[in-house]
Every structure is written in C-alpha cells, then in structure tokens.
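Novice: Sequence and predicted model, in that order:
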Amino acid sequence: MQQLLKAVLDKDHVVRHNVGFLLRRLCGKYRWHMDYWVSRLARRIEKGTKDRLTTQIYVMKALGHLGPYGSPYSKNLLPYFDHEEEYVRLVAVDTVGQLVGEIPRHKRSIVRLLREDPSQEVRKLCDAVLKQRGWQEPHWMKIQKPAWRERVIRSKANNNKGTTKGKKSVGKFGKIYWEKVGHKSRMK
C-alpha cells in the first residue's frame, strides 16, 4: 500500500490517474481497511504541512479520484480556495466537484470564488460544480450590477487609460465598448 501512495506522487500523469482509480476500487471493496491509507494520504494536504506545492496538488487530485471515499477529508481543502496560485484554486474546486456529496459543505467558499476570483477559468469551474447539485444563481446576483464592476469594465475597454464615459474615451476600444452598451439599451 505504501508503494501505491508513493505512486500517487509520480511524475507521470497516466500513472497517477491509474493509481487514483485503483485506490477507488480498493476502497469500494475494502472500505474500512483502506480508510487508514486514505487518511495518511489526506494528512499531506492538512493546513500546516511542509510538503511541496506539487505534492499537495497531486494529493488533491488523488482525493478527487477516490470520489465518495475521500469525502471525510474534504475539510483539508479549505485553505486551498484562498491560495494565491490560480491552478491550486482550480484543482481544489475540481476536487470538490468530484466529491459530489461535499459540494454543500464547501458551497459558501465556491460561491465566494464565483463572485470574486479574478480568473475566468476558476469562475467557470465554480459555476459548473455548483450546477451539479442543481444550484441556481440567486435573484440578487442576476439583477445587481455594482458600480465598481462597471468602472472595471470601462477601464479595460479604454485600455486602462481611465473610465471616461461616452465618446470622449481615449482608449482604442472605447467606442466599441460604448456601442455595445448602447446596443443593449436599445434592445430593452
């Protein structure tokens, strides 16, 4: 079993993938005997571990492959929702998505990432994970358009040269942005 746990950290993606599913099948057959080994694996992603980041990513992916057998250890994923690296947040959300029964436990963190994360990929994955459990956007998220969001959109449209409204925009995308906004208001 120790060799299988070491194979979870192998550099080859195919080996890690196959070992993850092999561990899942073993957990299905020998549930209570395998729990000790799954807990040893989950200890590598606890909050105070000093393992390398790649090791922690591999362990998170392995817990995702375990499916419902890795669910009791999903609380160890909480610090990774706030990690500075985009890929780590992406793997943490993906792992929770594979542990379908744990989505309600992490719903608050996933909704926060859906609202605030700067990465489009993380937000799309959060949306997909939440929709696995029949989640719908609350009404306030559909109708509320905060002022800061409009300023950020205008600034990006003006190539970060300010948020001047209308035809006085100096950015090269200014006119294109305001034509789109004007087009949307005409449709209503």
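Specialist: Perfect, thanks for sending it. Since the structure is predicted, the reported quantities are computational estimates derived from the model, not experimental observations.
Novice: Would you mind pulling the contact partners of stretch 115-135?
Specialist: 86, 89-90, 93-94, 96-97, 100, 103-104, 107, 110-111, 113-114, 141 (Cβ atoms under 8 Å, 6 or more residues apart in numbering). C-betas here are computed from N, CA, C, even on glycine.
Novice: any weak-confidence spans in the chain?
Specialist: For the chain, the stretches flagged by pLDDT under 70 are 134-142, 144-152, 156, 158-188.
Novice: Please tell me how far the longest helix along it is from the chain's geometric centre.
Specialist: Longest helix in the chain by number of residues (criterion: DSSP state H): helix 13-29. Distance of helix 13-29 from the chain centroid (Cα atoms, centre = their mean, to the nearest Å) equals 22 Å.
Novice: do stretch 42-49 as well
Specialist: Computed by Cα atoms, centre = their mean, the chain-centroid distance of stretch 42-49 equals 19 Å.
Novice: now swap in stretch 47-54 and tell me
Specialist: Centroid displacement of stretch 47-54 relative to its chain, using Cα atoms, centre = their mean, is 19 Å.
Novice: And stretch 87-99, by the same measure?
Specialist: Centroid separation for stretch 87-99 versus its chain: 5 Å, with Cα atoms, centre = their mean.
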